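Could you work out the structure for the sequence below:
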Amino acid sequence: MAIVTLSDALLQRLPPKQGQILRDKVLCGFCLKVGKRTHSFLVATSVEGKQARINLGKWPLLSVDEARALALPILRSCRAGQMPAKVVRGKLPTLWESLPAYAKAKGIRPSSLKRYESIVRTHFCDWKDSSVSELGEVAFAEHCQKFAQSKGNAVVDVGRGLISALIKYLNAIYGLSLNSPFDRLAAAGLLPEHAQPRVRKLNESELPVWYKAVCTLPDKQRDYLMLIAFTGLRRDECRNIRCEHVDWDAGLLHIPETKNGDAHSLALTPRIAEILKRRCALLSPSDELFSGVSADHVGEMATRAGAPKFMLHDLRKLLATIGEKLGYSDTVLRRILNHRAKRSDTLHRHYVSLSAHDVAVALTGIQDALFELMNKPI
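Below is the predicted model:
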């Protein structure tokens, strides 16, 4: 049994030795049991000659400092000759109070947290300021069933995912044994089908009309749409580009914050570079290229100018479609679009690795094909 100074930094680099118990130098009796996938904090001491083992929670859902703070009053009780029955964690938070802590523990982006808060305010308002213990009551289960049967599939997908994940988190942190009502509803076949991907509205044959309308927009809105079309970036990934994200020396456009959390980069092809040079002119490094552009309304602006109805995501799908038709591999397209391979695909998740420059020729070819389609006679 090793004696170490337990810290989050230590656990991050800890080699997996299943079953090993580490004792803390800082607080005698505070320990960590190393598991295959998770590590568990516990108090290991004795009370009047009797062994006491009390589980505190799992790392990293519980930080070392948080677990040590839980262990301290338990050890005081033990040394006073009192055998604690369970971990006392204080008052449970409300559903609303638990959201920021959950987001921080899971590394959820502020934009996603904002969406989750909107879901709670809109669809679970009656439980917003109630203790999370009430998520295990019959009334909440009945509400979840009504929610699942009355809302659209996409909203239900987000709501059920949030509540189920939040309950798992609360169980781990507070030692609760709540069951997600959505798990029971799914087992009974009472949940709607998962939402299907939205069908692409913008077709290749409509690109000339779309391009003609986009060219009539103000420069900033036009460049925003064209950059999405030539890169396949998601709307917010493009909207949040700053001058400092463009590395002219390395010939790269960096996208530090993405939907899947993986930092992304693309080579500065001639068409990308032309747009970025125009937008970066006279701006400071921290300035946004598309400040003032509304990702929610720019599509409507193009439609009013004569473009067929489309979603910004259609441009991303069109880039992928053209790439497929030109014969580029799934690996190349995943790299361009910043998609992860399936977990079961060991080859492409752990062995094959392509840089932005490796796919620059393919990206240039796709952009040239798109531009040719845009300029076909109407």
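
what about V26, how many residues close to it?
By the criterion of other C-beta atoms under 10 Å, V26 has 11 neighbours. Yep, even glycine has a C-beta here, placed from its N, CA and C like the rest.

Quick one, grab the pLDDT at it.
You'll see V26 listed with a pLDDT of 92.

ok, F310 - how many residues close by?
So F310, with other C-beta under 10 Å, has 19 neighbours.

Tell me both backbone torsions, phi and psi, for it.
When quoted as degrees, to the nearest 10, the phi and psi of F310 stand at phi -160, psi 160.

Ignoring the adjacent residues along the chain, who's closest to it?
Closest residue to F310 apart from its sequence neighbours, by C-beta to C-beta, 6 or more residues apart in numbering: L202 at 3.8 Å.

again, but for K91
K91's closest residue in space is S131 (C-beta to C-beta, 6+ apart), at 7.9 Å.

hang on, the earlier thing: tell me the secondary structure at the residue nearest to F310.
coil (DSSP: H, G, I helix; E, B strand; the rest coil).

show me the residues around it that make contact.
By C-beta atoms under 8 Å, 6 or more residues apart in numbering, the contact set of L202 is W210, P308, K309, F310, M311, D314, L315, L318.

Which of these are buried? Put it as a ChimeraX command.
This is how ChimeraX selects the buried members of the contacts of L202, with burial counted by 16 or more other C-beta atoms under 10 Å:
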select :210,308,310,314,315,318
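
now, among the contacts of L202, which is nearest to D223?
Using C-beta to C-beta, L315 is the member of the contacts of L202 that lies nearest D223, at 13.2 Å.

and the residue nearest to K91, how far is that from L170?
As judged by C-beta to C-beta, to the nearest Å, S131 and L170 stand 10 Å apart.

Looking at those two, which is more packed in?
L170 (23 against 14).

what's the spacing between the more buried one and A139?
Taking C-beta to C-beta, one finds L170 at 18 Å from A139.

for C28, same thing?
Distance from C28 to A139, by C-beta to C-beta: 45 Å.

Residues contacting the host helix or strand of C238, please?
Secondary structure assignment for C238, by DSSP states H and E: helix 235-239. The contact list for helix 235-239 (C-beta under 8 Å, 6+ apart) reads 111, 224, 227-228, 231, 255, 257-259, 264, 288, 290, 293, 295, 312-313.

Check which helices and strands whatever helix or strand comes next after that helix is in contact with.
Downstream of helix 235-239, the next assigned helix or strand under DSSP H and E is strand 246-247. Packing partners of strand 246-247 (3 or more C-beta pairs under 8 Å, 6 or more residues apart in numbering; DSSP states H and E): strand 252-255.

and the strand it packs on, C-alpha only, in CSV?
C-alpha atoms of strand 252-255 as CSV (Å, rounded to 0.1, in the frame of the first residue of the first chain):
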residue,chain,number,x,y,z
LEU,A,252,-3.1,27.2,-41.5
LEU,A,253,-6.5,28.3,-40.2
HIS,A,254,-7.0,27.1,-36.6
ILE,A,255,-10.4,26.4,-35.1
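
shift numbering so it begins at 20
Got it, first residue is 20 now, which makes that one strand 271-274.

Not counting that strand itself, show me its contacts.
250, 252, 256, 260, 264-266, 282-287, 291, 295, 357, 375.

Please produce a PyMOL select command covering the buried subset of the residues you listed.
Listed next is the PyMOL selection for buried residues among these, using 16+ other C-beta under 10 Å:
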select buried, resi 250+252+256+260+264+265+283+284+285+286+287+291+295+357+375
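
Sort out which of the contacts of strand 271-274 are in helices and list them.
Counting by DSSP state H, the contacts of strand 271-274 place T250, E256, I291, L295 in helices.

on that earlier part again, wait, which of the contacts of L221 is closest to L302?
L334 (24.0 Å).

how about the CA coordinates for the helix or strand harbouring the closest one, as PDB?
Secondary structure assignment for L334, by DSSP H and E: helix 331-344. Provided in PDB are the C-alpha atoms of helix 331-344 (Å, rounded to 0.1, in the frame of the first residue of the first chain):
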ATOM      1  CA  LEU A 331     -26.200  26.600 -43.200                       C
ATOM      2  CA  HIS A 332     -25.500  22.900 -42.600                       C
ATOM      3  CA  ASP A 333     -26.500  22.200 -46.200                       C
ATOM      4  CA  LEU A 334     -23.200  23.900 -47.300                       C
ATOM      5  CA  ARG A 335     -21.200  21.400 -45.100                       C
ATOM      6  CA  LYS A 336     -23.200  18.500 -46.500                       C
ATOM      7  CA  LEU A 337     -22.600  19.700 -50.100                       C
ATOM      8  CA  LEU A 338     -18.800  19.900 -49.500                       C
ATOM      9  CA  ALA A 339     -18.900  16.300 -48.300                       C
ATOM     10  CA  THR A 340     -21.100  15.200 -51.200                       C
ATOM     11  CA  ILE A 341     -18.800  16.700 -53.800                       C
ATOM     12  CA  GLY A 342     -15.800  15.100 -52.100                       C
ATOM     13  CA  GLU A 343     -17.400  11.700 -52.200                       C
ATOM     14  CA  LYS A 344     -18.300  12.200 -55.900                       C
END
